[in-house]
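*Asks:* Let me see the structure of the following:
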Amino acid sequence: MVAFVGVGTGVKALQVRRGRVVRMVAAPETPVSAKKSAGAGRSRLWTPDAWRSMPIRQVPDYPDADKLREVEQRLAKSLPLVFSGECERLKASIAKAGRGEAFVLQGGDCAESFSEFEKYGGENIRNTFTLLIQMSIVMMYGTSRPVVKIGRMAGQFAKPRSSPFEKSKNKELELPSYRGDMINGPDFTRDERLPDPERMWQAFMQSTATINLLRTLATGGYLDLRRIHEINLEFVNGTDQGARFREFANSISSAIKFMHAVGLQTDSPMIRQAEFYVSHEALLLPYEEALTRLDEQTGKYYATSGHFIWLGDRTRQPEGAHVEFLRGIANPIGVKCGPTLSESDLMELLDILNPDNEPGRITLITRVGAGNVREHLPRFIELVEREGRNVTWSCDAMHGNTESSPAGYKTRNFNNIYSEVQDFIATHMEMGTNPGGIHLEMTGQNVTECVGGMMELGHENLAERYETGCDPRLNASQALELAFLVSEMMSRS
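*Replies:* Sure, this is the predicted structure:
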């Protein structure tokens, strides 16, 4: 069991693991250099800064190189947000999902924001955490499988963009695109859109507060299943989904009471606590490198910015900088697989990122859009099965289903999200492989950003509480409804 020793500033961090002290040592500190062409082969020795010699996409040009270097050095001297033992436990759990022995539920904000954190004071984090726990209880109850809970939290501050610049609505002013609060600001002004290295430090400090809150919620009795009726969100209580969850809660309470009556232990950590992990896209490599640490016990490097980090659909070039960075860290990692991913590139990525074919190391997260699953998922599965590769399959049913409302809001239709998940699960069942998880953009807030669902939100409702600074998220009612639907589908497998 890992003992947390806090997060703050300092040169080294200690991890206590089964009575041993393991030193997590800061990786070499190197400022961002000019972009260089890829010249070295994949077999060369890896270092945390090796990505700097590779072609790179989706990284901003910082105007103040000295400030960037100072922030990187500050981060490199900070204690890690997560520890190697936690990453390895998550990897083992993801491997079980790949074998059909568990299911991965990964969800959270499209992009975390500084203003929302300040506005809600952590209440938004608690609500999303509560929602993920509710969803996991529904899935565990329906499928009789453990659910691996991973939040898109404590690091999901940067977003890839299709263009480095965008124009104002009157087309007269062109500024750098908003890339997430870790890089620049959302307001359409020159000052806000200027990439600022200090934002990396602010993101780190907010991630520190977030992960400490999540640890408290996960281990401090908040999740005690003996009080399962208290694990609910206020605005979901009056919905059909809330009523169904209360039925599940009644059944679980009865089961726990029965266990207690016959003398079985009901105060174990398995009932009082929950394992919860954090994740984000590994997009801003100066930040990731600065938080990379060497575990001296094993000789492996870990990205200590999160337990699980993933490679985006726009940054998965086999000879690119992001792949180079991810190949050298020992964390479990995800690879977003969009419709443009070729079989040859997928196999090359698996060769580079998991040469030892380690179970739990790679999660392939498909994101092809409703109506396209039958075209693309079978070719991915056939390749992986033919080559005997160990992967865990997950479905991102959000990013391929974005559309515009008549009023110009970016939105998603619940029916399309459900359709993609449904085809994902059905395809795996038909091909004899395991649907290992789902990956969602969602929030515990009562927002109106996605249309559809049992609450029948329409385009006319979007303006009521449209709060996202990036992509639309499922609200708690829609996310819980999807959990029930997935549970029903999986129970038939």
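
*Asks:* Next one: Asp240 from Gln478, what distance?
*Replies:* Noted for Asp240: a distance of 12 Å to Gln478, by Cβ to Cβ, to the nearest Å. Every residue, glycine included, has its C-beta placed from N, CA and C.

*Asks:* Helices of this structure, residue ranges please.
*Replies:* Remark: helices assigned in the chain by DSSP state H are 65-76, 84-98, 114-120, 123-143, 190-193, 198-219, 240-261, 269-272, 285-290, 321-328, 343-353, 373-387, 414-431, 476-491.

*Asks:* more neighbours, Asp240 and Gln478?
*Replies:* Gln478 (26 against 14; other Cβ atoms under 10 Å).

*Asks:* List the buried residues of stretch 393-401.
*Replies:* For stretch 393-401, a neighbour-count test (16 or more other Cβ atoms under 10 Å) marks Trp393, Ser394, Cys395, Asp396, Ala397, Met398, His399, Gly400, Asn401 as buried.

*Asks:* What count of nearby residues applies to the residue nearest to the first one when sequence neighbours are not counted?
*Replies:* Going back to what we said before, that points to Trp393. Distances taken as Cβ to Cβ, 6 or more residues apart in numbering place Gly436 nearest to Trp393, at 4.7 Å, with adjacent residues excluded. Neighbours of Gly436 under the rule other Cβ under 10 Å: 26.

*Asks:* With the one 4 residues further on instead?
*Replies:* Other residues lying near Leu440 total 24 when counted by other Cβ under 10 Å.

*Asks:* give the contact list for Glu88.
*Replies:* Going by Cβ atoms under 8 Å, 6 or more residues apart in numbering, Glu88 touches Ala330.

*Asks:* between the buried residues of stretch 393-401, which is nearest Ala218?
*Replies:* Ser394 (21.5 Å; Cβ to Cβ).

*Asks:* check contacts around the nearest residue to the closest one once chain neighbours are set aside.
*Replies:* By the measure of Cβ to Cβ, 6+ apart, the closest residue to Ser394 outside its immediate chain neighbours is Gly437, 4.0 Å from it. Counting by Cβ under 8 Å, 6+ apart, Gly437 touches Ala97, Phe103, Val104, Leu105, Gln106, Val148, Thr363, Thr392, Trp393, Ser394, Cys395.

*Asks:* Spatially nearest residue to Ala92 (excluding sequence neighbours)?
*Replies:* Of all residues not flanking Ala92 in the chain, Gly360 sits nearest, at 5.9 Å (Cβ to Cβ, 6+ apart).

*Asks:* What does the pLDDT read for the closest residue to Thr128 other than its chain neighbours?
*Replies:* Spatially, and ignoring its direct neighbours in sequence, Thr128 is nearest to Gly444 (4.0 Å; Cβ to Cβ, 6+ apart). Here, the pLDDT recorded for Gly444 equals 92.

*Asks:* quick one on the thing from earlier: hmm, the residue nearest to Ala92 is touching Ile333, no?
*Replies:* No: proximity of Gly360 to Ile333 does not meet the contact threshold set by Cβ atoms under 8 Å, at 10.2 Å.

*Asks:* returning to that earlier point: show me which of the contacts of Gly437 is closest to Gln317.
*Replies:* Thr363 (19.0 Å).

*Asks:* Kindly state the beta-bridge partners for the closest one.
*Replies:* Thr363 has these beta-bridge partners by DSSP bridges: Gly334, Thr392.

*Asks:* Kindly provide the distance from Arg367 to Asp356.
*Replies:* Relative to Asp356, Arg367 is positioned 26 Å away (Cβ to Cβ).

*Asks:* Apologies, that question was intended for Thr340.
*Replies:* 28 Å.

*Asks:* who has more neighbours, those two?
*Replies:* Taking other Cβ under 10 Å, Thr340 and Asp356 do not tie; Thr340 has more neighbours (10 against 6).

*Asks:* and the nearest residue to Arg190 once chain neighbours are set aside, how many neighbours does it have?
*Replies:* Sequence neighbours aside, Leu175 is the residue nearest to Arg190 in space, at 6.4 Å (criterion: Cβ to Cβ, 6+ apart). Leu175: 17 surrounding residues under other Cβ under 10 Å.

*Asks:* what does Ser404 give?
*Replies:* 10.

*Asks:* show me what contacts it?
*Replies:* Ser404 neighbours (Cβ under 8 Å, 6+ apart): Lys410, Thr411.

*Asks:* On the pLDDT front, check it for me.
*Replies:* For Ser404, the predicted pLDDT is 95.

*Asks:* Tell me what it is bridged to.
*Replies:* Where Ser404 sits in a bridge, its partners, by DSSP bridges, are Lys410.

*Asks:* Please report the distance of it from Lys149.
*Replies:* Ser404 is 32 Å from Lys149, by Cβ to Cβ.

*Asks:* repeat for Ser177
*Replies:* Relative to Lys149, and taking Cβ to Cβ, Ser177 is found at 32 Å.

*Asks:* Looking at these two, which is more packed in?
*Replies:* Using other Cβ under 10 Å as the criterion, Ser177 and Lys149 rank with Lys149 on top: 21 against 17.

*Asks:* That one against His307, yeah?
*Replies:* No: between Lys149 and His307 there is no contact under Cβ under 8 Å: 10.9 Å.
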